[in-house]
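Colleague: Need a 3D model of the sequence below.
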Amino acid sequence: MSSEKQTAGIGKGTPGPGRPKGVPNKVTANVRAALEASLGPDGGLSFFKRLRVKYPEEYSRLVGKLLPLQLTGKDGDSLTIVVENLAEPRK
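Modeller: Numbers count the residues shown, from 1 in each chain. This next block holds a predicted model:
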């Protein structure tokens, strides 16, 4: 048996350990940060309001992506969804 330290063989044609589970991809995180910054000081609210009016199908797709796949209310009961008018600010 050799007393030499065994390595993962990085750089010798074998893959390294990779990114640990749960650590976000740096490129994805940077793109998300740039996208958020591009939305402006109102957080993009005006953009999404215009999108809802001008392109309701696309707006609905985005909203659908935000919803969890399985919805249940308190204690497993049915869920009640309330949709508010985004054109008027909350008071």
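Colleague: what number of residues lie near Leu45?
Modeller: Neighbours of Leu45 under the rule other Cβ atoms under 10 Å: 13. C-beta: built from backbone N, CA, C; applies to glycine.
Colleague: gap between it and Leu39?
Modeller: From Leu45 across to Leu39, the span is 8 Å (Cβ to Cβ, to the nearest Å).
Colleague: quick one: low-confidence parts of this protein?
Modeller: The chain contains residues with pLDDT under 70 at 1-11, 68-71, 86-91.
Colleague: what are the ranges of the helices in it?
Modeller: 26-38, 45-54, 56-66 (DSSP state H).
Colleague: and of those helices, who's closest to Arg19?
Modeller: If you check each of these against Arg19 by Cβ to Cβ, helix 26-38 wins as the nearest, at 8.9 Å.
Colleague: buried stuff in the closest one?
Modeller: For helix 26-38, the neighbour count (16 or more other Cβ atoms under 10 Å) marks no residue as buried.
Colleague: now the angle from that helix to helix 45-54?
Modeller: 90 degrees (axes from the mean of the first three to the mean of the last three Cα atoms, to 10 degrees).
Colleague: got the CA positions of helix 26-38 in PDB?
Modeller: Extracted C-alpha coordinates of helix 26-38, given in PDB (Å, rounded to 0.1, in the frame of the first residue of the first chain):
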ATOM      1  CA  LYS A  26     -23.500  31.400  -9.300                       C
ATOM      2  CA  VAL A  27     -24.600  32.200 -12.900                       C
ATOM      3  CA  THR A  28     -28.300  31.700 -12.100                       C
ATOM      4  CA  ALA A  29     -28.000  33.800  -8.900                       C
ATOM      5  CA  ASN A  30     -26.200  36.600 -10.800                       C
ATOM      6  CA  VAL A  31     -28.900  36.600 -13.600                       C
ATOM      7  CA  ARG A  32     -31.700  36.700 -11.000                       C
ATOM      8  CA  ALA A  33     -30.000  39.600  -9.200                       C
ATOM      9  CA  ALA A  34     -29.600  41.500 -12.500                       C
ATOM     10  CA  LEU A  35     -33.200  40.800 -13.500                       C
ATOM     11  CA  GLU A  36     -34.400  42.100 -10.100                       C
ATOM     12  CA  ALA A  37     -32.300  45.200 -10.400                       C
ATOM     13  CA  SER A  38     -33.700  45.900 -13.900                       C
END
